[in-house]
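S.K.: Return atomic coordinates for the entry below.
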Amino acid sequence: MRVAAIDLGTNATRLLVADVEDGRVAEVQRRTTITKLGEGVDARHRLLPVPIARVRNTLTDYRRELESLGAERTLAVATSAVRDAENGEAFLGEIEWGYGFATRLLTGDEEAAMTLRGVGPLEPGTVVIDVGGGSTELITESFRTSMNIGSVRLTERFGIHQGAAAAYIRSQLPALDVERALGVDGTTAELAGLAGSATVTLATIDETLEWLAVTSEEERRARLILPDRSEVLAAGVLILRETLRHLGLGQVDASDRDLLNGAALEAAELPEAVEGDAPPGAYTCC
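M.R.: The predicted model follows:
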């Protein structure tokens, strides 16, 4: 079955179109657009009109693409920014009504569980790290937690003051006995791109933080996979560095499977839509 999964994240809106068969996800198309849905949410606890408009425009493009690729069912999942916003559920109702997507607002624990499902079975001693815009998840086979530390949230709270941000990050991190780390987020992907290697070392992370501190916006954007991630990348890298140090790890491996893979598996389990039925959230918003 061909399905589509959409991640309504705090910093990015992402799309995966995939064929799902016997619990396996075969990627057809993957896209990421920096939409900054969580802009201002940490302070105001509301999704703001301009970020919402950016997401709507992106979803219009995504719907056109997933339909052209023949996706039969679509699941859009929402994470930190939407769950923190007072108008988050109304926003999701509007998405269901306007685009016909099934939607799901994930708790932090559900987000971690869906990410683990997408990544698949872990080797013993492995921790999955997912640095998001609003939250960061740490996941093992027997433990998972979602912390309110993310690249957008920390950038808005601390700006360029890395010392204060690092201390705040350290105060949130749990004790874990692990041997290796798998990074499933855009921050790790950017670091891997800068390093030219799927394995990102602490030395590379430190060098990247120094590079981000002394380069211009134009120089940073020229080297990034997604140039629009530039303004919050330093905070994401800082979260990753402090997490690895706290866990006593010297490196992290970038993964090509993540939350979207888990969402694709769940999209394949959605009931078949009945023609003429209104979307589940059709009357939530307006």
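S.K.: how distant is whichever strand or helix holds Leu75 from the center of its chain?
M.R.: Leu75 is part of strand 73-78, with elements assigned from DSSP states H and E. Centroid separation for strand 73-78 versus its chain: 14 Å, with Cα atoms, centre = their mean, to the nearest Å.
S.K.: Sheet partners, orientation included, of it?
M.R.: Applying DSSP bridges to the sheet, strand 73-78 is found paired with strand 2-8 (parallel), strand 102-105 (parallel).
S.K.: wait, which of those is closest to Asp206?
M.R.: Of all the strands paired with strand 73-78, it is strand 2-8 that lies closest to Asp206, at 29.2 Å by Cβ to Cβ. Just so you know, the C-beta spots here come from the backbone N, C-alpha and C atoms, and that holds for glycine as well.
S.K.: Just the mean pLDDT for the closest one, thanks.
M.R.: For strand 2-8, mean pLDDT is 98.
S.K.: Pull the residues that contact it.
M.R.: Strand 2-8 is contacted from outside by 13-20, 28, 37, 55, 59, 62, 66, 69-79, 81-82, 92, 95, 101, 259-261, 263-264, 266-268, using Cβ atoms under 8 Å, 6 or more residues apart in numbering.
S.K.: Of those residues, which belong to strands?
M.R.: Using DSSP state E, the subset of the contacts of strand 2-8 located in strands is 13-20, 28, 73-78.
S.K.: ChimeraX command for the buried members of the residues you listed?
M.R.: Typed into ChimeraX, the line below selects the buried ones among the ones in strands among the contacts of strand 2-8, using 16 or more other Cβ atoms under 10 Å:
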select :13,14,15,16,17,18,19,20,28,73,74,75,76,77,78
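S.K.: Could I get the full set of helices for the stretch 101-250 of the chain?
M.R.: Using DSSP state H, counting those that start in this stretch, the helices of the stretch 101-250 of the chain run over 108-119, 151-158, 162-172, 186-195, 202-214, 217-223, 230-247.
S.K.: Right, I'll call it a day here.
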